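Q: could you work out the structure for the sequence below:
(2 chains)
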Amino acid sequence: MDNRYVHLEQVGMAFDTKKGRFVALQNVNLDIAQGEFISLIGHSGCGKSTVLNVIAGLLTPTSGVALAAGREIDGPGPERAVVFQNHSLLPWLSCFGNVYLAVERVFGKKENKAQLKARTHAALEMVKMTHATDKLPNEISGGMKQRIGIARALAMEPKVLLMDEPFGALDALTRAHLQDELMRIVQATGSTVVMVTHDVDEAVLLSDRIVMMTNGPAATVGEILTVNLARPRDRLALANDAEYHHYRSAVLEFLYHKELRPAA
Amino acid sequence: MTQSATVTVDAKASAHSAAAPAAAKPAAAPAARPAAEASPGIDWRELIGQRIIPPILGFALFIAVWAAVAQVTKGIPGPSSTFVAAVKLFSDPFYIAGPNDVGIGWKILNSLSRVGLGFGLAALVGIPAGFLLGRFMFLNRMLSPVIGLLRPVSPLAWLPIGLLVFKAAQPAAIWVIFISSIWPIILNTAAGVSTVPQDYLNVARVLKLSEWKVFTTILFPSVLPHLMTGIRLSIGVAWLVIVAAEMLTGGVGLGFWVWDEWNNLNVEHIIVAIFVVGLIGLALEQGLMMLARRFQYN
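A: Prediction:
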């Protein structure tokens, strides 16, 4: 086995709706190497979240092969942690409790309580949320909730981190801040990340490769752009970087020229 | 939190204080503003004017209408004679003079214990049933028509069945409470379970939580607000039904007391009973509302 951690081959996804069969994805082929940061980008409704959910195991593809670590993806699992778009923290558990739930599930059989607690604290530390340990999710801001969501996912030490528009609901400043944090964390942990986004700058800044999807129905991978920018990346320095702008316009070109926005 | 709460109160207060004088003298509105801002905590004018005076006026109107009706209708006692009767009843609420001649306190406690027992059994059966119905679509489709058929049945229609099965009045009364208060619990719990946000369930799936862990950490806390609504409705129904059930089954309790006093033509006591039933119902409702608020997370 090579270092292809995720392998999608001719993946198709169809849903049965009231109006008949709706083909969301068709012939999606994608390989993701370990330690790679992949962005899925495309117009809304193009099925990028569907691809993510197939990798997560939350959806079972109706055709084709979806492998993770050489094995067929059979349902979700903690080795493929998901950061949900709307954070999905349990509102009745404290920030600590939310992360601990995941930690206990993944490491509870091998480690004692003190170790589990230490792991939880370390995860909160990593996203700089130690001050909110005992707070309930509705007592903290949206950006902080998303940090806890990331902490919960990272604390599981997943093989791949799946993020579904993780910063989509945040304001621009908070988003930029969390992107920087994410880059720092991914750099430190060497995580494999698949992120769904509709933000071109976010995709170029964070990704090793950008997977651009065609418009649905029957969406598929249109082009894949490899981003060869040195890491660590600095958003201020890149703002005037010609290469950065080249990548950025390549994505924009795809989104607004080749795949015109469908009449919404 | 506190800050935003104060802001809304202030905004409301200034809206009120601005609206009233503005009609008469527009210049008064800006002058009223600093006064409202100066008192940071409770706005007494708002509290007394909007929260205390209206209910007092309502009760005053109610008593006036009652007194007027009593004046023109023979046999209906007025507020004052009812009040005298109530004072006498409550001056010795826990006497026992015979098997059926006991103080009003005992009557209340007896009725409450029947409601408690009937409701307790309903909760014991209804909550698990609601969870099953919410979790398994098949069960839901199987039992929904049956529930739909049985739910609109008047509670007292169940009394003969209870008497037939239990061969005694007491369990039959509890049976009536049980059968009439179980539906809101089942339906609200089931609705709560089926509306657990998919996001939370996805979290459970990604974590591969055990069915038990899903129940304790996700389903139960998520359903709790719905369950509390079910319990509130259910106890409301139970309390509504108890008077009628006791009228028919007899024994010590508020319902039979009303019937007994009707036979004695002691209308003052009937009216006292009506107030007692109403007050206890209100207290149960408010108490459960307060309890329910503790389980609201959003």
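Q: what residues sit buried inside the helix or strand hosting B:Phe275?
A: Using DSSP states H and E, B:Phe275 maps to helix B:267-293. Buried residues in helix B:267-293, counted by 16 or more other Cβ atoms under 10 Å in any protein chain shown: B:267-273, B:276-277, B:280-281, B:284, B:288, B:292. Backbone N, C-alpha and C define where each C-beta goes, glycine included.
Q: which of these has the weakest pLDDT?
A: On pLDDT alone, B:Ala292 ranks lowest of those, at 86.
Q: skipping adjacent residues, who's closest to it in space?
A: Leaving aside its sequence neighbours, B:Ala292 sits nearest to B:Met228 (Cβ to Cβ, 6 or more residues apart in numbering or on different chains; 3.8 Å).
Q: show the pLDDT at that neighbour.
A: pLDDT, read off for B:Met228, is 92.
Q: can you get me a residue count around it?
A: The number of residues packed near B:Met228 is 20, by other Cβ atoms under 10 Å in any protein chain shown.
Q: tell me the first helix or strand C-terminal of the helix or strand where it lies.
A: Here B:Met228 sits within helix B:220-249, counting by DSSP H and E. Counting by DSSP H and E, the next helix or strand C-terminal to helix B:220-249 is helix B:254-263.
Q: quick one: pLDDT of B:Ser49?
A: Let me fix one detail, which is that residue B:49 is Gly and not Ser. For B:Gly49, the predicted pLDDT is 82.
Q: to clarify, my last question referred to B:Asp10.
A: With respect to pLDDT, B:Asp10 has a value of 42.
Q: kindly report the same for the one 5 residues further on.
A: Here the pLDDT value assigned to B:Ala15 is 41.
Q: B:Thr2 too?
A: Looking at B:Thr2, the pLDDT reads 41.
Q: quick check: residues of chain A near chain B?
A: Residues of chain A lying close to chain B by Cβ under 8 Å from any Cβ of the partner chain are A:56-58, A:75-78, A:80-82, A:84, A:86, A:88, A:90-93, A:101-102, A:105-106, A:136, A:138, A:156.
Q: filter those residues down to the buried ones, PyMOL style.
A: Buried residues among the residues of chain A next to chain B (16+ other Cβ under 10 Å), as a PyMOL selection:
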select buried, chain A and resi 56+57+58+76+77+78+80+81+82+84+86+88+90+91+92+93+101+102+105+106+136+156
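Q: give the buried residues for stretch A:178-186.
A: In stretch A:178-186, counting by 16+ other Cβ under 10 Å, buried: A:178-183, A:185-186.
Q: just put the residues you listed in TSV and tack on secondary structure.
A: Formatted as TSV, the buried residues of stretch A:178-186 follow (DSSP: H, G, I helix; E, B strand; the rest coil):
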residue	secondary structure
A:Leu178	helix
A:Gln179	helix
A:Asp180	helix
A:Glu181	helix
A:Leu182	helix
A:Met183	helix
A:Ile185	helix
A:Val186	helix
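Q: for stretch B:98-106, C-alpha coordinates in CSV please.
A: The C-alpha trace of stretch B:98-106 is given here as CSV (Å, rounded to 0.1, in the frame of the first residue of the first chain):
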residue,chain,number,x,y,z
GLY,B,98,-64.9,9.7,60.8
PRO,B,99,-64.0,7.7,57.7
ASN,B,100,-65.6,10.2,55.4
ASP,B,101,-65.6,13.3,57.6
VAL,B,102,-62.1,14.6,57.5
GLY,B,103,-60.5,18.1,57.1
ILE,B,104,-59.9,19.8,53.8
GLY,B,105,-56.2,19.1,54.0
TRP,B,106,-56.8,15.4,53.9
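Q: what sits up against it?
A: B:89-90, B:92-96, B:252, B:257, B:260, B:272, B:276 (Cβ atoms under 8 Å, 6 or more residues apart in numbering or on different chains).
Q: so what are the domain limits for chain A?
A: A:1-79+A:160-264, A:89-157 (automatic domain parsing).
Q: out of these, deepest packed?
A: A comparison of these by mean neighbour count, using mean count of other Cβ atoms under 10 Å in any protein chain shown, puts domain A:89-157 on top with a mean of 19.
Q: tell me the pLDDT of the residue sitting nearest the centre point of chain A.
A: Centroid check for chain A by Cα atoms, centre = their mean gives A:Met163 as the closest residue, at 2.0 Å. The model reports A:Met163 with a pLDDT of 94.
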